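Undergrad: what's the 3D shape of this:
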Amino acid sequence: MLKIKFYNLKKIFKQIGKLKTEPVNYPSVFNSIKKMSLFFFLYLFVTGITTLIIIFSLNSSKETMVVPKVINAEFYKAYYSLNKLGFNVDIELQNFNNIHSGIVAYQSITEQKKVKKGRKIKLVISLGPKGTEGLEGTDGYDLNSHMIEFKLPDKYNTARLKILVTDNKDTDRTVFNDIISSSNKIQLPVKIYGHGIQKIYINDELFIEKDIE
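TA: Numbering: from 1, shown residues only. All right, here's what the predicted structure looks like:
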C-alpha cells in the first residue's frame, strides 16, 4: 500500500514538473491529476462504506433477547431466568423498609425491551428494613447477610456450578445450581444464621469449601 502511494505521488510531481518544460500540454497534465484525485477519493469512499457495512453486520449478528420482568421476584429465580437468557447479572444490595429481604427491587433494563445477548443487567436486591442485618435470629443465632462471589477458572469455558450453604440453623441448602460460562461472575446474597460454610462444586466435584465470615 505504501509503495502504491509513493509511486502515485512521484508520478504526480513528475507531471507537474513538465509544466515548466512542456507548457503546451498542461491541460492533459491537470486532467491526469484530476483523474488520480477522483480515483483516490472514490477509493476512500468505497473503503469507508465497506468498513461501516462490516461493523453493522458484526453488531447485528448478535442475538437479541427480550428482557423479562424480575422486579418483585425472589432473587434466585430472577438470577436463573436472566442468566439462562445469556445476560450478565450485576448485583447491588440495599435496605428497603417496604420490600422483604431477597426480593428484587430494581432492574436496570426495563421488561419487554429487546437488547443484545450478553448485555449487563443490574439488579438491586432488598435486604429488608435497615438495621435488620445482625439481629437475633428466632433460635438465638445472629442473622447476617453475606455475598458469595465466584468466577469460573480460566480453564473452563462452561461448567455446571453448584453452591451450597450450611449454617447453625440448616443443613446444606443449595443456593445456586446451573450451567454458566467463564464470562459470568456469580454474586449471591445469602442470609446466614451464626457460623456458616459455603461449598462450591464445579461439574459435581468439590472445588472450594470455606467458612463464611
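Undergrad: residue 165 pairs with what?
TA: Here residue 165 sits in beta bridges with residue 173, residue 198, going by DSSP bridges.
Undergrad: just checking, it touches residue 173?
TA: Yes - Residue 165 lies in contact with residue 173 (C-beta atoms under 8 Å); the separation is 5.7 Å. No exception for glycine: its C-beta is placed from N, CA and C like everyone else's.
Undergrad: and the two? Which one has more around it.
TA: Shown here are residue 165 and residue 173; by other C-beta atoms under 10 Å, residue 165 has more neighbours (21 against 12).
Undergrad: which residues touch that one?
TA: The contact partners of residue 165, by C-beta atoms under 8 Å, 6 or more residues apart in numbering, come to 148, 172-173, 175, 190, 192, 196-199, 212.
Undergrad: quick one: the strands in this protein?
TA: 64-66, 88-94, 104-107, 114-116, 120-126, 143-151, 158-166, 173-181, 185-193, 196-202, 205-212 (DSSP state E).
Undergrad: which helices and strands sit right next to the fourth one?
TA: Strand 114-116 is packed against strand 64-66, with contacts defined by 3 or more C-beta pairs under 8 Å, 6 or more residues apart in numbering; DSSP states H and E.
Undergrad: what does the strand it packs on rub up against?
TA: Residues contacting strand 64-66 (C-beta under 8 Å, 6+ apart): 85-87, 112-117.
Undergrad: most surrounded residue in these?
TA: residue 87 (22 neighbours).
Undergrad: thanks a lot, catch you later.
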